[in-house]
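Novice: Fold the following for me, if possible:
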Amino acid sequence: MTLRRLLSVVCLGLLFMLSGCEQEVSSPELPRVGVLQVEPTDFAAKVTLTGDVQARVQTDLSFRVGGKIISRSVDVGDHVKANQVLARLDPKDLQNNVDTAKAEVFAEQARVTQTSAAFVRQQKLLPKGYTSQSEYDAAQAALRGSQSALKAAQAQLANAKEQLGYTALVSEADGVITARQAEVGQVVQATMPIFSLAVDGDRDAVFNVYESLLIAPPSDEGVIVSLLDDPKVKAEGKVREITPTVSAESGTVQVKVALHNVPAGMQLGSPVTATGRTQGRASIELPWSALTKALKEPAVWVVGEGDKVELRKVQVGRYLTGKVVIADGIKGGETVVVSGAQLLHPGMQVKKVDAKDGGAAP
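Specialist: Next up, the predicted model:
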């Protein structure tokens, strides 16, 4: 075989090898990503509230007259009975008023006796002509005037005695003293609170709740309230009252739950808890692996037309264990990448694998 023929054979072999390489260098395989077609659901977060047990009826006890406190017979936490004396004021000034009113009554009684006798004489003398009609009328007017003055003095005496009785502060009902606002020796004004009384009877569990959790009206379903220290001690109740105003200091609304069959261990002031769910909101739940970020904002990869991916900014409603709740940014029916998104860039075409079947990027 000549050299020229040998070179021709070698060249043909090289051409065949190059053509084979071109066939092997085909278009690269599309990246496989695990995807999930999302559907919105009503997500209702579970909320645990902490409050305390309070009396249904609570009242401030105060003196109806002013004065100096000279004695106090109860303290915070004491159980009192109805009409029990809790404290007393110095009665000297009011006793002087009573003595003055008594003296005025005695004086008016003497005037009534005098004018009555004068009128009786005029009654006897008028028919015999020994007195004039004008003198008779004057005696009658004097008698009526003294009788009216006596009634006024008696009313003043009754009022002075009543004021003297107000120097003793008594309980209006059976209950527990929950607060004390004054001490012995202190000079107080009328209607100034001295004690706070939690009246025996119905009990409420009171919670301070953020307004955002109360978008929906309360349901008729019962609420289970448990002791914070001993969750085994429970009582069932229903929402009885929600304050119409928001506290300017805490931004919360007070919710009162009426308790039924309160166990003995659930005393006044005991810390309690109650668990409930907020109003459901249309949201989308995704696994943590689906969440990425666009610059500084949270985002997810969405597979669109032509199986091309798009980086979509989203609003996260809540972070949960193993998943995240998307409140806005994704619509129902869209396809979201939940695995294999590490090397994606906007506009890249991908091969979708259902994440429910365990598909993921190689």
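Novice: quick one, what contacts residue 152?
Specialist: residue 108 (CB atoms under 8 Å, 6 or more residues apart in numbering). Where you see a C-beta, it was placed from the backbone N, CA and C, and this is true even at glycine.
Novice: Buried residues in the host helix or strand of it, which are they?
Specialist: Using DSSP states H and E, residue 152 sits within helix 133-165. Across helix 133-165, burial judged by 16 or more other CB atoms under 10 Å covers 136, 139, 142-143, 146, 149-150, 153-154, 156-157, 160, 163-164.
Novice: repeat for stretch 340-350
Specialist: Neighbour counts over stretch 340-350 (16+ other CB under 10 Å) mark 340-341, 344, 350 as buried.
Novice: Kindly report the same for stretch 263-270.
Specialist: Neighbour-count burial for stretch 263-270 [16+ other CB under 10 Å]: 266, 268, 270.
Novice: could you turn that stretch into CSV, dropping everything but the C-alphas?
Specialist: Output of stretch 263-270 as CSV, limited to C-alpha atoms (Å, rounded to 0.1, in the frame of the first residue of the first chain):
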residue,chain,number,x,y,z
PRO,A,263,-63.6,23.9,90.2
ALA,A,264,-62.3,24.7,93.7
GLY,A,265,-58.7,25.1,92.5
MET,A,266,-59.6,28.0,90.2
GLN,A,267,-59.5,30.8,92.7
LEU,A,268,-59.9,34.5,92.1
GLY,A,269,-56.8,35.9,90.4
SER,A,270,-55.6,32.4,89.3
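Novice: What's the mean pLDDT across that stretch?
Specialist: Across stretch 263-270, pLDDT averages out at 88.
Novice: how distant is it from the center of its chain?
Specialist: Centroid separation for stretch 263-270 versus its chain: 19 Å, with CA atoms, centre = their mean, to the nearest Å.
Novice: on that earlier part again, may I ask which two of the buried residues of stretch 340-350 are separated the most?
Specialist: Pairwise distances across the buried residues of stretch 340-350 (CB to CB) peak at 9.1 Å, for the pair 341 and 350.
Novice: anything in contact with each of these two?
Specialist: 33, 309.
Novice: buried sites along stretch 317-329?
Specialist: Buried residues in stretch 317-329 (16+ other CB under 10 Å): 317, 324-326, 329.
Novice: what does stretch 109-126 give?
Specialist: Buried-residue list, stretch 109-126, by 16+ other CB under 10 Å: 111-112, 115, 118-119, 122, 126.
Novice: Look up how far residue 125 lies from the residue sitting nearest the centre point of the chain.
Specialist: The residue lying closest to the centre of the chain (CA atoms, centre = their mean) is residue 254, at 1.6 Å. Distance, residue 254 to residue 125, using CB to CB, to the nearest Å: 79 Å.
Novice: Same check on residue 225?
Specialist: 86 Å.
Novice: would you list the buried residues of stretch 109-126 in CSV and tack on pLDDT?
Specialist: Converted to CSV, these look like this (pLDDT from 0 to 100):
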residue, pLDDT
111, 94
112, 95
115, 94
118, 92
119, 92
122, 89
126, 86
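Novice: Which of those residues sits closest to residue 262?
Specialist: Lowest distance from residue 262 to the buried residues of stretch 109-126 (CB to CB) belongs to residue 112, with 61.3 Å.
Novice: SS state for that closest one?
Specialist: With DSSP: H, G, I helix; E, B strand; the rest coil as the basis, residue 112 sits in helix.
Novice: isn't it right up against residue 146?
Specialist: Yes. Between residue 112 and residue 146 there is a contact under CB atoms under 8 Å: 4.6 Å.
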